[in-house]
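[1] predicted model follows, preceded by the sequence.
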Amino acid sequence: MTTDLFSPISLGSISLKSRIVMAPLTRNRAGAGNVPQDINVKYYEQRASAGLIITEATPISAMAHGYPATPGIHSEAQVAGWKKVVDAVHAKGGKIVLQLWHVGRISHPSLLPDNALPVAPSAIKPAGQAFTYIGLQDFVTPRALELNELPGIVEDYAQATRNALAAGFDGVEIHAANGYLLDQFLRDSTNQRKDQYGGSIENRTRLLLEVTRAVVDVAGADKVGVRISPLNPFNDIADSNPQALFNHVADALNPFKLAYLHVVEGGMGGSDLPPFDFLDLRKHFKGAYMANLGYTKATANAAIAEGRADVVAFGVPFIANPDLVERFRLDAPLNEADQSSFYGGNETGYIDYPTLQG
Ligand code: PHB
């Protein structure tokens with residue numbers, strides 16, 4: 001039998017019924033205190049037939065927030081809220097990991113404790129605007145983290161991992177993609193540090209490896225994935241040599257024996273991207289490879305059959321199709337996603353997409 005999206009697989013200690021993964025999706029619908037609430041429970045429960053759900057990006061500390069209504073994992077109430085999500089997904093036979101997020105400079109003082117400046121590897125202002133509770137605001141110049149603050153950031157990841165395990169999650173994914181804090185350290189357009197966390201590729205990878213060590217020490221490597229996006233220019237980020245950088249990241253992650261590496265294989269939003277060989281990256285990483293970005297059932301099955309990916313994460317299709325797995329199984333038509341309700345709002349465009357059953 002050929003291996004395809006419906007072939008079971010284990011990612012570390014997490015056994016999946018299928019290779020159809022729900023990608024992390026920011027939806028900005030947390031309750032007061034950035035606590036997961038009932039509609040969030042319903043949303044994830046509706047999608048529990050995925051082989052694995054990766055939660056929306058979840059801030060690990062008060063300083064890690066960069067958008068309104070994103071559910072955190074740093075207060076007791078948030079852990080209790082997430083526990084309801086996890087319990088509902090498990091009751092339906094699903095698996096779910098939490099994505100650990102620090103936005104770094106992609107924030108705004110109005111979203112941070114005491115109107116603090118966002119933090120980053122270097123004091124370089126991103127182009128563009130932040131989404132805040134008071135509308136779109138120009139990004140500000142962030143504050144460069146002091147060397148002696150980095151252990152505290154690493155500890156925030158460790159504590160968030162303890163919290164995720166307390167909520168019952170099957171594992172965690174370290175978000176090192178899409179122009180947020182760990183990606184800001186990795187790429188040389190945003191990291192111009194002169195200390196051992198900047199300069200060479202080895203130095204720029206250091207914080208990710210320290211975070212991975214800390215998270216693995218808490219959860220065990222077989223419950224930990226890492227997400228990267230070697231080409232994504234989203235959030236005004238770039239690197240002078242992404243192939244060398246991310247091949248090194250893959251090599252350096254190998255000794256941990258992680259559950260998986262999750263790769264955003266392009267850019268969110270159209271723009272000219274530098275050449276990049278994802279198959280070469282895939283060969284550098286010795287564990288399970290999760291591919292993401294614009295896959296269809298057909299292209300995902302081809303990637304799996306040809307060994308270019310072990311599992312595939314689907315984003316927008318899961319927004320609009322809670323029963324995406326069943327639709328793929330039956331080759332049924334997919335609902336179209338309504339972009340206007342992706343970010344923020346209420347039940348509409350969130351928990352009201354019809355299944356095949358109605
Ligand atoms: C977003 O809120 O637009 C967002 C969040 C996390 C990502 C990508 C996009 O990784």
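    Sure, I can see it.
[2] partners of the strand of greatest length in the chain in the sheet?
    Taking DSSP state E as the criterion, the chain has its longest strand at strand 52-59. Within its sheet, strand 52-59 is paired with strand 20-22 (parallel), strand 96-101 (parallel), according to DSSP bridges.
[3] just say which of the ones you listed is most tucked in.
    Per residue and on average, the most neighbours among these fall to strand 96-101, with a mean of 28 (mean count of other Cβ atoms under 10 Å). (Each C-beta comes from the backbone N, C-alpha and C, glycine too.)
[4] next SSE after that strand?
    strand 119-120 (DSSP states H and E).
[5] follow-up on the earlier one: how far is the longest strand of the chain from where the chain is centred?
    Here strand 52-59 is found 6 Å from its chain centre; the criterion is Cα atoms, centre = their mean, to the nearest Å.
[6] tell me if that strand is near the ligand.
    Yes: contact of strand 52-59 with the ligand (Cβ under 6 Å from any ligand atom) involves A57.
[7] then that strand to PDB, C-alphas only?
    What follows is strand 52-59, C-alpha atoms only, in PDB (Å, rounded to 0.1, in the frame of the first residue of the first chain):
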ATOM      1  CA  LEU A  52      -3.000  16.500  15.000                       C
ATOM      2  CA  ILE A  53      -4.100  20.000  15.900                       C
ATOM      3  CA  ILE A  54      -1.400  22.700  16.500                       C
ATOM      4  CA  THR A  55      -3.000  25.500  18.500                       C
ATOM      5  CA  GLU A  56      -2.900  29.100  17.400                       C
ATOM      6  CA  ALA A  57       0.300  30.800  18.400                       C
ATOM      7  CA  THR A  58       0.100  31.200  22.200                       C
ATOM      8  CA  PRO A  59       2.100  33.900  24.100                       C
END
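[8] please name every helix or strand in contact with the next helix or strand after that strand.
    Per DSSP H and E, the first helix or strand lying C-terminal to strand 52-59 is helix 76-91. Helices and strands touching helix 76-91, by 3 or more Cβ pairs under 8 Å, 6 or more residues apart in numbering; DSSP states H and E, are helix 38-46, strand 52-59, strand 96-101, helix 150-166.
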